[in-house]
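Asks: need coordinates for the following:
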Amino acid sequence: MLRLDRVEAGYGAAQVLFGVSFEVEAGRCVSLMGRNGMGKTTTIRTIMGQLPLSGGSITRFGDGAPDREPFEFARAGIGLVPEGRQIFTNLSVAENLNTFHRAGVDGGLRWTLDSVLELFPRLGERLDHAGSHLSGGEQQMLAIGRALMTNPRLLILDEATEGLAPIVRHQIWDVLATLKSAGQSILVIDKNITALARLADHHVILEKGQVVWQGDSAALQADKELTARYLGV
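Replies: Okay, the predicted model is just below:
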């Protein structure tokens with residue numbers, strides 16, 4: 001689905017990523033972790049083509065072309081749930097969802113308005129409400145549903161549960177587990193180590209724009225010094 005090979009990127013003269021390498025295989029879930037300011041969102045922006053590569057390469061679905069526009073990567077099958085949700089607040093829930101509805105690259109239409117509402121029943125109760133009238137948790141549900149309406153091959157979530165009430169966070173993790181069990185490829189950024197260890201197959205930790213550790217959930221949970229050093233507050 002996705003491979004980063006020694007990726008370097010940044011903002012103008014300020015380099016943020018230094019040789020970042022990892023991959024997301026089909027049907028797998030990978031977490032990207034690290035403290036604030038370590039390059040996680042910059043990595044996502046680079047994957048989406050919002051920032052240019054200054055070194056290395058990114059292969060998306062077997063295509064390593066570096067000069068595509070962000071919308072082309074989205075059309076190729078990347079569904080992004082951005083940090084801060086960024087829904088259209090002046091549109092209704094139904095309009096937010098239907099505006100993004102399209103068939104997948106393979107022509108599949110697994111995700112429709114009805115199937116998204118089955119995944120998030122709360123949105124069905126708020127279909128006519130403007131995005132600005134939703135709670136933070138409802139907005140996050142809408143942002144995930146909107147990404148699914150594109151029938152993506154790879155779903156990327158930047159800060160999946162940040163700032164949400166515990167009950168809503170639990171619902172989001174349940175939804176991600178459901179998606180993974182159905183074969184959805186996922187790249188997720190979050191700070192909840194316990195939830196990520198249950199969900200993800202592989203974990204990547206960034207420190208100052210570099211990958212300082214990669215491994216599976218058993219290794220992550222077994223190394224308390226690792227999590228305290230790179231993920232503790």
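
Asks: could you report the pLDDT at residue 28?
Replies: Looking at residue 28, its pLDDT reads 97.

Asks: I meant residue 64, not that one.
Replies: Per-residue pLDDT puts residue 64 at 86.

Asks: now it. Nearest residue, chain neighbours left out?
Replies: Nearest residue to residue 64 in three dimensions, chain neighbours excluded: residue 57, at 5.5 Å (Cβ to Cβ, 6 or more residues apart in numbering). For every residue, glycine as well, the C-beta is placed using N, CA and C.

Asks: hang on, the one you found packs against residue 63?
Replies: No - at 10.9 Å, residue 57 does not count as touching residue 63 under the criterion of Cβ atoms under 8 Å.

Asks: so which strand or helix has the nearest residue to residue 7 once chain neighbours are set aside?
Replies: For residue 7, ignoring the flanking residues on the chain, the nearest one in space by Cβ to Cβ, 6+ apart is residue 56 at 4.0 Å. Taking DSSP states H and E as the definition, residue 56 sits inside strand 55-60.

Asks: same question for residue 160.
Replies: Take DSSP H and E as the rule and residue 160 turns out to sit in neither a helix nor a strand.

Asks: now do the contacts for the residue lying closest to it once chain neighbours are set aside.
Replies: Setting aside the residues directly before and after it, residue 160 is nearest to residue 190 in space (Cβ to Cβ, 6+ apart), at 4.7 Å. For residue 190, the contacting residues are 31, 33, 157, 159-162, 196, by Cβ atoms under 8 Å, 6 or more residues apart in numbering.

Asks: distance check, residue 190 against residue 152.
Replies: Distance, residue 190 to residue 152, by Cβ to Cβ, to the nearest Å: 18 Å.

Asks: output the top helix by length along the chain as CSV - backbone C-alpha positions only.
Replies: Ranked by residue count, the top helix of the chain under DSSP state H comes out as helix 166-181. The C-alpha coordinates for helix 166-181 follow below in CSV (Å, rounded to 0.1, in the frame of the first residue of the first chain):
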residue,chain,number,x,y,z
PRO,A,166,-13.5,8.7,26.8
ILE,A,167,-16.8,7.1,25.6
VAL,A,168,-16.3,8.6,22.1
ARG,A,169,-12.6,7.5,22.0
HIS,A,170,-13.8,4.0,22.8
GLN,A,171,-16.3,4.1,19.9
ILE,A,172,-13.6,5.3,17.5
TRP,A,173,-11.2,2.5,18.5
ASP,A,174,-14.1,0.0,18.0
VAL,A,175,-14.8,1.3,14.6
LEU,A,176,-11.1,1.1,13.6
ALA,A,177,-11.0,-2.5,14.8
THR,A,178,-14.0,-3.2,12.7
LEU,A,179,-12.4,-1.7,9.6
LYS,A,180,-9.2,-3.6,10.2
SER,A,181,-11.0,-6.9,10.6
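
Asks: please name every helix or strand in contact with that helix.
Replies: helix 136-148, strand 185-189, helix 193-199 (3 or more Cβ pairs under 8 Å, 6 or more residues apart in numbering; DSSP states H and E).
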